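**Q** dropping a prediction and its sequence here:
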Protein chains: 2
Amino acid sequence: MSRKRFEKMNCAAAQALEQIGDWWTLLIVREALYGTKTFSGFQAHLGIAKNILTGRLEALVEHGVLTRRQTKPGAGRYEYLPAEKGEALLPVLVALMQWGDMWVFGGKGPVEIIDSKDRRPVKQMAVEAFDGRGLGIRDLRFRPGSAASEETLARFRAKANPITDS
Amino acid sequence: MSRKRFEKMNCAAAQALEQIGDWWTLLIVREALYGTKTFSGFQAHLGIAKNILTGRLEALVEHGVLTRRQTKPGAGRYEYLPAEKGEALLPVLVALMQWGDMWVFGGKGPVEIIDSKDRRPVKQMAVEAFDGRGLGIRDLRFRPGSAASEETLARFRAKANPITDS
């Protein structure tokens, strides 16, 4: 029931979560970005049940987040590689890991992400204005985008609504 | 069963998802960052069942993501406000919305996030090096952080492992 409602939500975050918003799915993408390619690799590093892993990999391929290819023609063995749509999740995953480092581990977490060139940790992800100024939630406003539904437009028209840009 | 395994994972993304990683939880945080404060507000905007909303709000307060306060002393009515730990999820949510805009809606999505000052959309979230250079997944390396467990350290020691920094 709650899933059904989700599909109809006119919200990019909700629709993104519809495709990648379960625990395992995002961690499988993390693992793929770490470089894991094989079913057994995902299984070993995530400790995930085979049937769940099978289902999640299928869904990720179906949504175009991962691509599946045969390791040898006709061999029936496959590997999974991040598609462009999967690589584009990097900012989401890095932001999530940095949040976990800070707010769950209280500072530096289990894994450091560094730049291969300067060997320094990557910058803290932050929301920035067009010119690079750092922005907090109080600096942001929201307005309907080109994919706004009637319901979304109505929400923005409602005067008492906190989302309203005014 | 899969939940149990999760709790033990020595990974900031997994631990972050343990606290905020279900569909509703992240959308409740989105709603709180939009400015929604009351139970009925969350309910109206998310179309979420009351019992589910009650549970998720309790968990978010327990984890320190939202704070709950009485609107009038003794009135038994409450409002929920993002705590610092909740506001710190802004980069995760903006990155997720931008990904949805691009990869689910094919460009501009339902809601545009703009800077209140210059009225322009916020910058695309990206992983950057210390000096601001843009980084893709191939530019990143991983190494154990100070909260690395024995298992994580073993993973980094394994030569054949793609996560290894070499």
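**A** Structure received. No experiment lies behind these values; they were computed from the predicted model shown.

**Q** and the host helix or strand of A:Gly100, average pLDDT?
**A** Applying DSSP states H and E as the criterion places A:Gly100 in helix A:90-103. The pLDDT scores in helix A:90-103 average 96.

**Q** wait, does it contact chain B?
**A** Yes: applying C-beta under 8 Å from any C-beta of the partner chain, one finds helix A:90-103 in contact with chain B at A:90-103. Quick note: C-beta positions are derived from backbone N, CA and C, even for glycine.

**Q** what is the nearest of these to chain B?
**A** A:Gly100 (3.1 Å; C-beta to the nearest C-beta).

**Q** and that closest one, how many residues sit next to it?
**A** A:Gly100 sits with 25 neighbouring residues when counted by other C-beta atoms under 10 Å in any protein chain shown.

**Q** lowest-confidence helix or strand of chain A?
**A** Lowest by mean pLDDT, DSSP states H and E among the helices and strands of chain A is helix A:2-8, with a mean of 61.

**Q** what about the strands in chain A?
**A** Along chain A, counting by DSSP state E, strands occupy A:66-70, A:78-82, A:111-115, A:140-144.

**Q** nearest to B:Phe156, out of those strands?
**A** B:Phe156 lies closest, by C-beta to C-beta, to one member of the strands of chain A: strand A:111-115, at 8.6 Å.

**Q** so that closest one versus strand B:140-144, what angle?
**A** 150 degrees (axes from the mean of the first three to the mean of the last three C-alpha atoms, to 10 degrees).

**Q** C-alpha coordinates for strand A:111-115, PDB please?
**A** Output of strand A:111-115 as PDB, limited to C-alpha atoms (Å, rounded to 0.1, in the frame of the first residue of the first chain):
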ATOM      1  CA  VAL A 111      36.600   3.900   5.300                       C
ATOM      2  CA  GLU A 112      38.300   7.100   4.100                       C
ATOM      3  CA  ILE A 113      37.600   8.200   0.500                       C
ATOM      4  CA  ILE A 114      40.700   9.900  -1.000                       C
ATOM      5  CA  ASP A 115      41.700  11.500  -4.200                       C
END
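
**Q** which residues touch that strand?
**A** For strand A:111-115, the surrounding residues in contact (C-beta atoms under 8 Å, 6 or more residues apart in numbering or on different chains) are A:94, A:97, A:120-122, B:11-12, B:127, B:129-130, B:133, B:135, B:139-145, B:148, B:152, B:165.

**Q** repeat that for 7 Å
**A** The contact list for strand A:111-115 (C-beta atoms under 7 Å, 6 or more residues apart in numbering or on different chains) reads A:94, A:97, A:120-122, B:11-12, B:129-130, B:135, B:139-145, B:148, B:152.

**Q** now list the buried members of these.
**A** A:94, A:97, A:121-122, B:11-12, B:129, B:135, B:140-142, B:144-145, B:148, B:152 (16 or more other C-beta atoms under 10 Å in any protein chain shown).

**Q** for chain A, what spans make up the helices?
**A** A:2-8, A:12-20, A:23-34, A:39-46, A:50-62, A:84-87, A:90-103, A:150-157 (DSSP state H).

**Q** which strands or helices does the third one pack on?
**A** In terms of contact count using 3 or more C-beta pairs under 7 Å, 6 or more residues apart in numbering or on different chains; DSSP states H and E, helix A:23-34 is assigned the packing partners helix A:39-46, helix A:50-62, strand A:78-82, helix A:90-103, helix B:12-20.
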